[in-house]
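Peer 1: Got a sequence here, can you build the structure:
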Amino acid sequence: MAKSILLKIFLFYVCVVLHKVSTEMMTLDSRVEHCLWNGSFAKSSYESFFRKQIAEEYAKLQIVTGLTRYHLNIFGDYNLIPTNNKLYGDFLICSWSTFGYIKNNQIIYDSIEMALREALIREVGATGPGTNLSILQARSIINTCKTNLWMPLSLIVINLQNCIHTEIKYLNSLNS
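Peer 2: Residues are numbered from 1 along each chain as shown. As a prediction, this is how the structure comes out:
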């Protein structure tokens with residue numbers, strides 16, 4: 001009973017904060033550019049243009065790694081990742097490894113939960129209740145999305161990110 005009341009209070013905080021309209025757009029984090037280019041440089045203006053388009057496409061995949069950079073309401077503008085795109089999965093594995101969310105081919109759920117918790121706290125404010133409710137909500141989202149299935153890491157990463165994205169979209173929808 002007390003947990004559901006706390007969740008309702010938290011959701012109210014999130015609704016108020018997410019009500020702000022954002023013009024923020026995601027860009028490819030420079031720390032993960034190596035995941036696309038392997039250290040090579042564009043050799044022509046055409047290749048530069050092509051790389052810019054690819055960077056814009058892959059920037060939208062940075063939901064989990066973007067938790068530390070963006071307000072949560074920006075993620076509502078992006079679609080879920082198709083599970084049949086191996087290149088997306090490989091990019092996510094590389095970028096998550098760069099951010100410390102994957103080590104030795106194992107997902108570090110605690111690190112993702114911490115980033116999500118900090119993103120939620122940033123949205124609702126670092127007050128006592130806001131902090132406590134953010135901790136509970138982040139744990140709840142990770143527990144909902146965590147999987148122990150035996151499948152390729154790229155598919156686990158895509159499914160985990162899609163689930164977290166769906167949960168964030170749900171919080172954003174409460175604003176509507």
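Peer 1: could you give the mean pLDDT of stretch 149-167?
Peer 2: Averaged across stretch 149-167, pLDDT comes to 90.
Peer 1: got the buried residues for it?
Peer 2: Neighbour counts over stretch 149-167 (16 or more other CB atoms under 10 Å) mark 153-154, 156-165, 167 as buried. Yep, even glycine has a C-beta here, placed from its N, CA and C like the rest.
Peer 1: How about stretch 29-37?
Peer 2: Neighbour counts using 16+ other CB under 10 Å place Asp29, Val32, Glu33, Cys35, Leu36 of stretch 29-37 among the buried residues.
Peer 1: Report the mean confidence score over that stretch.
Peer 2: On average, stretch 29-37 scores 86.
Peer 1: Excluding its own residues, what touches that stretch? List them.
Peer 2: Outside stretch 29-37, the residues that touch it by CB atoms under 8 Å, 6 or more residues apart in numbering are 28, 51, 54-55, 58-59, 62, 65-66, 69, 90-91, 94-95, 98-99.
Peer 1: Likewise for stretch 57-75?
Peer 2: With CB under 8 Å, 6+ apart as the test, stretch 57-75 has contacts from 18, 20, 22, 24-29, 32, 36, 78-79, 81, 88, 91-92, 95-96, 98-99, 101, 112, 115-116, 118-120, 122-123, 160-161, 164-165, 168-169, 171-172, 175.
Peer 1: Any stretches of this protein with poor pLDDT?
Peer 2: For the chain, the stretches flagged by pLDDT under 70 are 1-24, 39-42, 77, 148, 172-176.
Peer 1: Break down it into its helices, ranges please.
Peer 2: Ranges of helices within the chain are 2-18, 34-37, 45-59, 86-99, 109-124, 128-145, 153-173, based on DSSP state H.
Peer 1: ok, the contacts of stretch 29-37 vs Leu149, which is closest?
Peer 2: Checking the contacts of stretch 29-37 against Leu149 with CB to CB, the nearest one is Asp90 at 19.1 Å.
Peer 1: that older thread, could I have the ChimeraX command that selects the buried members from the contacts of stretch 29-37?
Peer 2: Those of these that count as buried under 16+ other CB under 10 Å are selected in ChimeraX with:
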select :28,51,58,59,62,65,66,91,95,98,99
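Peer 1: quick one: Leu92 and Asn159 touch, right?
Peer 2: No. Judged on CB atoms under 8 Å, Leu92 makes no contact with Asn159 at a distance of 10.6 Å.
Peer 1: distance of Tyr101 from Tyr46?
Peer 2: Between Tyr101 and Tyr46 the distance is 34 Å, computed by CB to CB, to the nearest Å.
Peer 1: Next: Thr131.
Peer 2: To Tyr46, Thr131 is 50 Å away according to CB to CB.
Peer 1: higher neighbour count, these two?
Peer 2: Between Thr131 and Tyr46, counting by other CB atoms under 10 Å, Thr131 is the more crowded of the two (15 against 9).
Peer 1: Nothing else from me, thank you.
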